[in-house]
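# just to be clear, the model below is a prediction. Sequence and coordinates:
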Amino acid sequence: MNLSSAILRAVPGAFILNSGIGKLGMDEQTAAHLQAMAVNGIPAVETLSPKQFGRLVAFGEIAVGSSLLLPFVPTKVAGLALAGFSGSMLSMYFRTPEMTEADGVRPSQSGTPLAKDSWMAAIALALIIGTGSGSREAKKAAKQAEKRAVKLERALEKQAD
């Protein structure tokens with residue numbers, strides 16, 4: 001993992017992990033309120049009890065935050081976890097009319113806290129696509145393979161003569 005990937009992973013990872021840990025002791029009323037908001041973005045969560053939903057959210061955030069912070073989790077896997085998390089938040093943002101201005105995109109006063117999740121989506125894409133070091137390594141490996149292929153071809157030509 002390179003330094004830029006570590007930075008992109010550490011900041012949202014610490015934030016999300018802390019949020020998940022903070023939700024571990026969430027009371028049922030708070031969980032029900034969060035669930036009512038979440039139903040706009042992910043209607044299937046309505047079938048859960050508030051207690052189940054609260055535990056799912058807490059453990060989900062802990063899992064996503066941990067995947068970003070643990071260096072042995074591949075960067076693309078951590079990026080996919082963050083993409084799922086931020087995507088669910090943005091789904092809730094875009095599907096709740098009072099979160100946006102009349103144009104359906106710009107955040108209203110109440111939508112600003114969720115609109116910031118667009119930054120996490122951008123970070124997720126950067127982690128999934130890569131920061132470039134992998135492509136340099138791939139180019140170097142391809143050049144080495146090409147050199148070996150040329151040497152092998154020459155050796156086979158000499159042997160044929």
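That came through fine. On a predicted model such as this, the values are computed, not experimentally measured, just so you know.

# tell me, what residue is most central in this structure?
residue 82 (1.5 Å; Cα atoms, centre = their mean).

# ok, that residue - contacts?
12, 16, 64, 68, 120, 123-124, 127 (Cβ atoms under 8 Å, 6 or more residues apart in numbering). In this view, the C-beta of every residue, glycine as well, is placed from N, C-alpha and C.

# element containing it?
Element membership of residue 82 [criterion: DSSP states H and E] is helix 75-94.

# how about that helix: buried residues?
Within helix 75-94, the residues that count as buried by 16 or more other Cβ atoms under 10 Å are 75, 78-83, 85-94.

# before we move on, what about stretch 10-18?
12-13, 16-17.

# restrict the helix holding residue 82 to CA atoms and write it as CSV.
Extracted C-alpha coordinates of helix 75-94, given in CSV (Å, rounded to 0.1, in the frame of the first residue of the first chain):
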residue,chain,number,x,y,z
THR,A,75,-7.2,-1.4,-1.2
LYS,A,76,-9.7,-2.3,-3.9
VAL,A,77,-11.7,-4.4,-1.4
ALA,A,78,-11.7,-1.6,1.1
GLY,A,79,-12.7,0.8,-1.7
LEU,A,80,-15.7,-1.4,-2.6
ALA,A,81,-16.8,-1.5,1.1
LEU,A,82,-16.6,2.3,1.3
ALA,A,83,-18.5,2.6,-2.1
GLY,A,84,-21.3,0.4,-0.7
PHE,A,85,-21.4,2.5,2.5
SER,A,86,-21.3,5.9,0.8
GLY,A,87,-23.7,4.7,-1.9
SER,A,88,-26.3,3.8,0.6
MET,A,89,-26.0,7.2,2.3
LEU,A,90,-26.2,9.0,-1.0
SER,A,91,-29.3,6.9,-2.0
MET,A,92,-31.0,8.1,1.2
TYR,A,93,-29.9,11.7,0.4
PHE,A,94,-31.3,11.7,-3.2
